[in-house]
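need a 3D model of the sequence below.
(chains A and B)
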Amino acid sequence: MKIEIYKYQNGWDKAFEASLNTQKSLVLVFAGAKKNLIEKPLLELIDFFSNTTIIGTSTAGEIIQNEILDDSIVVSVMQFATTRVHSISESLSSLENSYESGVNIAQKLLKDDLKALFILSDGLGVNGSKLTQGISSTLSKDIVVTGGLAGDGDRFEHTWTLVNGKISEGYVSAVGLYGEDIHVSHGSQGGWDSLGIERLVTKSKDNVLYELDSKPALDIYKKYLGDKASELPASGLLFPLELRESEDKEQTKVRTILAVDEKSKSITFAGDIPKGSYVTLMKANFDRLIDGANDAAQNVLLDTYKGEDILSIAISCVGRRLVLKQRTEEELEATLEVLPEKTKQVGFYSYGEISPLTSGNCDLHNQTMTLTLIWESNA
Amino acid sequence: MHKLLKRQLKKIGLNLTSHADEKLKEFVDVVEQAYYESDESRGFLEHILSTLSQERQELYEQLKVKAQDDLEQSEAKYMRLVENLNKHYFFYTHNEEGVFTYLSDSITSMLGYEKEEFLTHYEEYLTDDPMNEDVVERTNLSLSGVFQTPYLVSIYHKNKSVRYLEITELPVCNKEGKVILIDGIARDITQQFEAREKLSYLAKHDVLTSLPNRAYLEEYLQNLISMNSRTENQFALLFLDLDHFKQINDTLGHDVGDKLLQTVARRIKPNIREEDLFSRIGGDEFVIVLTNINEAYLTTLINKIMSLMRKLWRVDSYELQVSTSMGVALYPQDASSMIELMKNADIAMYKSKELGRNNFSFFTEELNTQVHHDMQLEQDMGKALAEGQFVLYYQAKQTLNDDTIMGSEALIRWNHPEFGLIYPDKFISLAESTGFIVKLGTWVIEEACRAIKRFNVKDTKSALHVSVNVSTRQIQNDDICRVLENALRTSQINPSQLTVEITESIMVDNSEKMLDILQCIQALGVSICMDDFGTGYSSLSYLNRLPIRSIKIDKTFVDDIPKTGSKNILLDTIVAMGKTLDIIILAEGVEEEYQREYLIKAGCLYYQGYLFSKPIPESEYMKLL
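Numbers count the residues shown, from 1 in each chain, chains lettered A, B, ... in the order given. Model prediction:
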């Protein structure tokens, strides 16, 4: 497997390698969400790699190696020796249909030697929990499903994915990796501390939260945000929710804000917040975020890795970036410190991360650093 | 520019003019940005902290208010409950020392006392009912942490009626298991208790006569037997069956029969002592159980009942002649069990029926004879006094050194036309049990006075005295002084020639009253002698208090005088004491010469006994003078 990475910032950092423009190549594109800034070079790229499979998404920050870029384009091209690639896109007609979209994608890409699925979904017009549930319901647990939700900086207005080489809102794209030689491994970690009291979800519908302890959820958020309330929904990322589905369950998930509605005083999250569940506000802890990234890398299973070229796709939550700010790149450095020397890293800051739980089922995560490592055994 | 950065740049003299290096400017921009970010982070954290603490405080306040509300509501609910149960319940709390720390207001509606009043005096309100005996013990048990079954106490209501309370106490412990308080509930169960008592009364009493019934009798006998089985205390069971009762029932109707039974119960009852039992066990059968008996009492009572039964019975317009047949069995002589005792009394009763009814029989023939004999004596006594069958014998009292006669003790004898000379031990207790003793005692005093007069004719110089024995029963009769006074006046003798002999036993009861009587006797000029000294209630204190002129050392001390010449300390002491208190000491029952010699050595001056003379008729006594 050959790997080449490119970045566009006021121009491409280097010329595209023509030999990579084959059907055996998979091109991953992570670009700033503002179309006007990247549309031209993006077309250039797509035109050049006309024979390859291309998937891509808008971001809240592009990652290349240990660096974060904005309003840029980061590209990785993987040219496989034996591995086959197949991608599809599915329209997300409504939030309610996310589950069906997940089922459809999985069914369409499922073949005998499917090894892994990499998902890039619209970041706003989707219920990530339902989407991953749909996918999990169809695939066996040994197929690794990772990916992320598209971002739009800290604006939460328009996210997009590439569908047939075109910037499109309201779609989910997925690529399947098939064959015996392909290896996909993953790791995911958060690093947030719970803050204050646990609250009962007294009113919610799917991923829309209305009331906590019979008080408007938005009021609580605003109280904690103080001056930053005016920056909602982006500032809401400072307080993800730790979710415990019922009183007798111990396992928790993290949910992050996607949107707020002043009129109904509701908050929309990237995953479901069931009524009757318990939530606790979470707060970032600088060191624990960085340690979390390090841990995510530690978690990646590399026992079959034998020094081949290897790509790390780092998908980290925009909420982490909002907290870490100038120090955000420390978490990228932290992953690379742990990962193999040859690792080339691309990725993006997202509105939600997808990776398997310990159970094997993929799920939507929020506020995590999620790593997907891809390499191909040498023939 | 960020203030801190500006100051830092100024301090190191770095001036970012327009000529400054673009890269340096860019670097400083980034650093400045980091400063702002850091400030912002810190500010935000501080905001979060204060929001959090504020929220916590609000929650705490809410919780506090809620907890207070909950507590108040719960308390109010409890108090409503507590106070609405008044008249039937009151509640209290004891601290770990058993002191009241709470008492519900319902105490007033339930027992009539004000709270303070009850708290101060509650111990005085407990009745003497035996059920209250272990109240203190019960409280101590609760204080030691024991959960007890509810117990009963009986207590006076302020209106003096007795209330029965069921007490439930719940010890409350701290984490270490130490009792910190006791919650108590007192429930008024007077109605239930009285109903239960009434029920148990009904179960054990005859509805017609209200006397105890057979069930009661059997239980009573069982208890009596188990109580007396070791001590072998004697008691008697009298089985009564009305003669020809069936005829009355058949001819005059059950109504009259029932009324007759009620009348019988009413007539007999007052003659039965409090400690004895009178029961109707069915039909015309009655049973009397007498405890603490002697032959004399038994004889008298049987006689009394037999004669009461023989009297006419007026029922409605009828005058009925009914007698009774009685059977008597004694425990433990006649039977060792309740059933055997009842059976033998029944057998004795049938013996009476066979004898022609209107009679009584003892189960034991020997006793039968004895009691019939006693009864005859009792019946004969009145006539005997009138016919002069009683006589006085005299036993001389004299000086130890030269046998000079000082006087004598008068002793009664009954010269019975049928049985011959009867000694007082055979009839005095009979006379005491019927009350005849008072009459007999009066006669003895009068006769003694008359005798003194006769002795004075024979011996004009010595002014010999005569002492008479006065029984407790007789002296308890307030009349003794008047009797003495009359006798002295009638006989015109010197009162100092008359002595009254009393025994220590009269001092046991009512000693103040006794003192008055003795002082009255003394005032008449009559001497008082303490008879049988040293055998009964010997308290030295009364010797000082009572106007006693002389003491008779009991025969038992004289019997104990050693032949060998060694000492009889007790006797010596009594003699010495008499000297000290200036009381005349006389030894009675002196039969041997060595006894006399010892007594002389001991310093005793007078004696009485067979050694000199036994009690003898007046005519013989006269010869000694």
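
how about B:Met1, nearest residue that isn't a chain neighbour?
Leaving aside its sequence neighbours, B:Met1 sits nearest to B:Glu32 (C-beta to C-beta, 6 or more residues apart in numbering or on different chains; 6.3 Å). Quick note: C-beta positions are derived from backbone N, CA and C, even for glycine.

if I look at that neighbour, how far off is chain A?
11 Å (C-beta to the nearest C-beta, to the nearest Å).

next: B:Leu16.
20 Å.

the residue nearest to B:Met1 should be in a helix, yeah?
Yes. When DSSP: H, G, I helix; E, B strand; the rest coil is applied, B:Glu32 is found to be in a helix.

show me the contacts for it.
Counting by C-beta atoms under 8 Å, 6 or more residues apart in numbering or on different chains, B:Glu32 makes contact with B:1-2, B:5.

please pick the buried ones from the residues you listed.
B:2, B:5 (16 or more other C-beta atoms under 10 Å in any protein chain shown).

please flag which of the contacts of B:Glu32 sit within helices.
B:Leu5 (DSSP state H).

tabulate the contacts of B:Glu32 in CSV, adding columns for pLDDT.
Listed next are the contacts of B:Glu32 as CSV, based on pLDDT from 0 to 100:
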residue, pLDDT
B:Met1, 86
B:His2, 87
B:Leu5, 89
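
what about residue 258, helix or strand, and which?
Picked chain A for this. strand A:257-261 (DSSP states H and E).

chain B was what I was after
Secondary structure (DSSP H and E) places B:Asp258 in helix B:254-268.

cool, A:Ile135 as well?
Per DSSP H and E: helix A:128-138 holds A:Ile135.

beyond that helix, next helix or strand please.
Helix A:128-138 is succeeded, C-terminally, by strand A:144-149 (DSSP H and E).

what helices or strands is the helix holding B:Asp258 leaning on?
Applying 3 or more C-beta pairs under 8 Å, 6 or more residues apart in numbering or on different chains; DSSP states H and E, one finds that helix B:254-268 makes contact with helix B:245-252, strand B:277-282, strand B:285-291, helix B:295-310, strand B:312-315.

mind doing that once more with 6 Å?
With contacts taken as 3 or more C-beta pairs under 6 Å, 6 or more residues apart in numbering or on different chains; DSSP states H and E, helix B:254-268 sits against strand B:312-315.

in its sheet, what does the strand it packs on sit against?
Neighbouring strands of strand B:312-315 in its sheet, by DSSP bridges, are strand B:318-321 (antiparallel).

list the contacts of the partner strand.
For strand B:318-321, contacts defined as C-beta atoms under 6 Å, 6 or more residues apart in numbering or on different chains pick out B:312-313.

over in the stretch 151-300 of chain A, which residue gets nearest chain B? Let me know.
Going by C-beta to the nearest C-beta, chain B is nearest to A:Gly226 of the stretch 151-300 of chain A, at 4.5 Å.

got the contact list for that residue?
A:Gly226 touches B:His47, counting by C-beta under 6 Å, 6+ apart.

quick test: name the residue nearest the centre of chain A.
When C-alpha atoms, centre = their mean is applied to chain A, the residue found nearest the centroid is A:Gly148 (2.1 Å).

dump the residue contacts of that one.
A:Gly148 neighbours (C-beta under 6 Å, 6+ apart): A:315, A:350, A:353.

does the second one really touch A:Ile315, like I thought?
Yes. With the criterion set as C-beta atoms under 6 Å, A:Ser350 and A:Ile315 qualify as a contacting pair; they are 5.0 Å apart.

which of these two has more neighbours?
A:Ser350 (36 against 30; other C-beta atoms under 10 Å in any protein chain shown).

which residue packs closest to the more buried one, ignoring adjacent ones?
Using C-beta to C-beta, 6+ apart, the nearest residue to A:Ser350 is A:Gly148, at 3.8 Å.

which other helices and strands does the lowest-mean-pLDDT helix or strand in chain B contact?
When the helices and strands of chain B are scored by mean pLDDT, DSSP states H and E, helix B:540-545 comes last with a mean of 73. For helix B:540-545, there is no helix or strand it packs on, judged by 3+ C-beta pairs under 6 Å, 6+ apart.

which other residues reach that helix?
B:Met507.

and that helix, what's buried?
Quick answer for helix B:540-545 (16+ other C-beta under 10 Å): B:542-543.

quick one: low-confidence residue ranges for chain A.
A:95, A:358-359, A:379 (pLDDT under 70).

what bridges to the residue nearest to A:Ser350?
Beta-bridge partners, per DSSP bridges, of A:Gly148: A:Leu120, A:Glu353.

and it, how close does it get to B:Leu385?
138 Å (C-beta to C-beta, to the nearest Å).

likewise A:Thr304?
In terms of C-beta to C-beta, A:Thr304 sits 141 Å off from B:Leu385.

what's the answer for B:Met375, then?
Distance from B:Met375 to B:Leu385, counting by C-beta to C-beta: 17 Å.

close to chain B: what parts of chain A are there?
Chain A comes close to chain B at residues A:196, A:223-224, A:226, A:325-326, as judged by C-beta under 6 Å from any C-beta of the partner chain.

most surrounded residue in those residues?
In terms of neighbours by other C-beta under 10 Å, these top out with A:Tyr224 at 23 neighbours.

the nearest residue to it once chain neighbours are set aside: helix or strand, and which one exactly?
The shortest distance from A:Tyr224 to any non-neighbouring residue, by C-beta to C-beta, 6+ apart, is to B:Thr51 (5.3 Å). For B:Thr51, the element it lies in under DSSP H and E is helix B:22-84.

starting at the chain centroid, how far to that helix?
77 Å (C-alpha atoms, centre = their mean, to the nearest Å).

next SSE after it?
Remark: after helix B:22-84, the chain's next helix or strand is strand B:89-95, criterion DSSP H and E.

what does that next one contact?
Applying C-beta under 6 Å, 6+ apart, the set of residues contacting strand B:89-95 is B:82, B:100-104, B:106-107, B:110, B:181-187.

buried residues in it, which are they?
B:89-94.

with pLDDT added, can I get those residues in TSV?
Formatted as TSV, these follow (pLDDT from 0 to 100):
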residue	pLDDT
B:Tyr89	84
B:Phe90	85
B:Phe91	86
B:Tyr92	90
B:Thr93	90
B:His94	89
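
need the strands for the stretch 151-300 of chain A, in chain order.
A:161-163, A:166-168, A:171-178, A:182-189, A:192-205, A:208-212, A:215-216, A:241-244, A:252-255, A:257-261, A:266-269, A:278-284 (DSSP state E, counting those that start in this stretch).
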